[in-house]
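Colleague: build the 3D model from these lines:
(one chain, ligands or ions: 1)
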Amino acid sequence: MIVDKAGTPITATDNVQPDTRHGVILYVEDVSVSFDGFKALNDLNLYINDGELRCLIGANGAGKTTLMDVITGKIRPDTGKVNFGQQVDLLQLDESEIARVGIGRKFQKPTVFEALSVYKNIELSLAGDKGIWTSLFGKLTGEQRDRIDEILRTIGLTNEAFYMAERLSHGQKQWLEIGMLLAAEPRVLLVDEPVAGMTGQETERTAELLTSLAGEHSVVVVEHDMAFVRSIARTVTVLHQGSVLAEGSMSEVQSNPEVIKVYLGEDSGEDSGDDNSEGYPSESGEEYIEASSSKEG
Ligand SMILES: Nc1ncnc2c1ncn2[C@@H]1O[C@H](COP(=O)(O)OP(=O)(O)OP(=O)(O)O)[C@@H](O)[C@H]1O
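Modeller: Numbering: from 1, shown residues only. Just a heads-up that it's a prediction; the model follows:
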């Protein structure tokens with residue numbers, strides 16, 4: 001049996017209510033991760049507030065993915081502490097338990113069930129095991145149907161509810177996957193490069209969607225598209241060489257001497273995106289600053 005630090009049992013289908021009396025839902029403290037002696041995360045400290053929308057940026061190799069992997073239990077840190085609210089020690093839980101206590105992760109590539117309808121995709125993702133059980137053997141309750149309808153409205157796919165998912169555009173598939181995450185009723189959503197490969201219009205719609213989810217959820221967005229970050233971010237955290245380099249509003253971060261030094265100074269070559277195979281622009285050096293500044297006029 002899994003128990004939280006207060007000794008309260010956490011069962012597999014529970015959505016634990018984290019203790020957020022201090023306003024913080026995710027505590028990452030002094031976390032280090034080494035790969036063959038190389039420190040991908042280096043005494044990293046990060047606090048995500050309950051209901052906030054946080055953007056996480058940093059050049060290729062800064063440690064963003066590793067951090068997401070630590071929070072979701074895919075990687076165990078060598079040292080440090082990772083808590084959900086004040087009391088739930090995430091390092092005691094495995095990946096599926098972490099998902100069940102209320103931390104959902106969306107990877108860059110959408111992984112929807114292409115041969116099922118949009119509706120069915122969401123139905124299968126309903127909180128706990130009820131979704132799959134109901135889909136296979138039973139009928140949805142009125143409450144479940146209402147919940148699916150609400151999610152369809154949130155992600156803007158009400159009219160496409162009975163399309164096979166394979167008919168959706170790339171952007172729509174990304175929204176559907178966010179809807180599938182929402183069906184599991186997470187408190188924290190970790191979203192990896194949501195707008196990669198999207199059209200301008202889809203990007204705008206995604207900005208609206210993620211912004212609308214903050215409040216009820218805490219949303220952490222890892223993104224390379226600086227114009228997008230600027231359009232949604234209240235607080236931006238800049239990672240560099242496995243640690244937090246700067247944190248603040250986009251303008252604060254952009255005018256931070258440390259950030260400028262890293263991106264435009266001597267260090268910039270080190271993290272250059274030369275090996276970038278994803279097709280997104282390198283964040284190093286001038287491109288980063290240009291992209292960051294492009295909306296400032
Ligand atoms: N399994 C692994 N084995 C060895 N090194 C790794 C492993 N995973 C990550 N690294 C290294 O750790 C560092 C941080 O990688 P990470 O993927 O977290 O960076 P990132 O900020 O997500 O980069 P990107 O923006 O390119 O996705 C990199 O130098 C990477 O090469």
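
Colleague: from here on, contacts and neighbour counts on C-alpha atoms
Modeller: Fine.

Colleague: enumerate the residues of the stretch 1-150 of the chain near the ligand.
Modeller: Phe35, Ala40, Gly58, Ala59, Asn60, Gly61, Ala62, Gly63, Lys64, Thr65, Thr66 (C-alpha under 6 Å from any ligand atom).

Colleague: need the pLDDT of the fourth one.
Modeller: In the predicted model, Ala59 carries a pLDDT score of 89.

Colleague: next: the first one.
Modeller: Phe35 is assigned a pLDDT of 95 by the prediction.

Colleague: now do the last one
Modeller: What the model reports for Thr66 is a pLDDT of 96.

Colleague: over to the spatially most central residue of the chain. Which of the three states is it?
Modeller: Centroid check for the chain by C-alpha atoms, centre = their mean gives Leu190 as the closest residue, at 1.6 Å. Assigned by DSSP: H, G, I helix; E, B strand; the rest coil, the conformation of Leu190 is strand.

Colleague: repeat that for Asp43.
Modeller: strand.

Colleague: could the residues of the stretch 1-150 of the chain next to the ligand go into a markdown table alongside neighbour count and secondary structure?
Modeller: Formatted as a markdown table, those follow (neighbours: other C-alpha atoms under 10 Å; DSSP: H, G, I helix; E, B strand; the rest coil):
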| residue | neighbour count | secondary structure |
| --- | --- | --- |
| Phe35 | 9 | strand |
| Ala40 | 23 | strand |
| Gly58 | 25 | coil |
| Ala59 | 24 | coil |
| Asn60 | 21 | coil |
| Gly61 | 17 | coil |
| Ala62 | 20 | coil |
| Gly63 | 24 | coil |
| Lys64 | 25 | helix |
| Thr65 | 15 | helix |
| Thr66 | 20 | helix |
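
Colleague: Val221: which of these is nearest?
Modeller: Nearest to Val221 among these, counting by C-alpha to C-alpha, is Lys64 at 10.1 Å.

Colleague: so how far is Ile71 from that closest one?
Modeller: Going from Lys64 to Ile71 by C-alpha to C-alpha, to the nearest Å gives 11 Å.

Colleague: what of Lys173?
Modeller: 25 Å.

Colleague: for these two, indicate the residue with more neighbours.
Modeller: The neighbour comparison of Lys173 against Ile71 (other C-alpha atoms under 10 Å) goes to Ile71, with 26 against 22.

Colleague: show me what contacts the more buried one?
Modeller: Contacts for Ile71 (C-alpha atoms under 8 Å, 6 or more residues apart in numbering) come out as Val82, Leu90.
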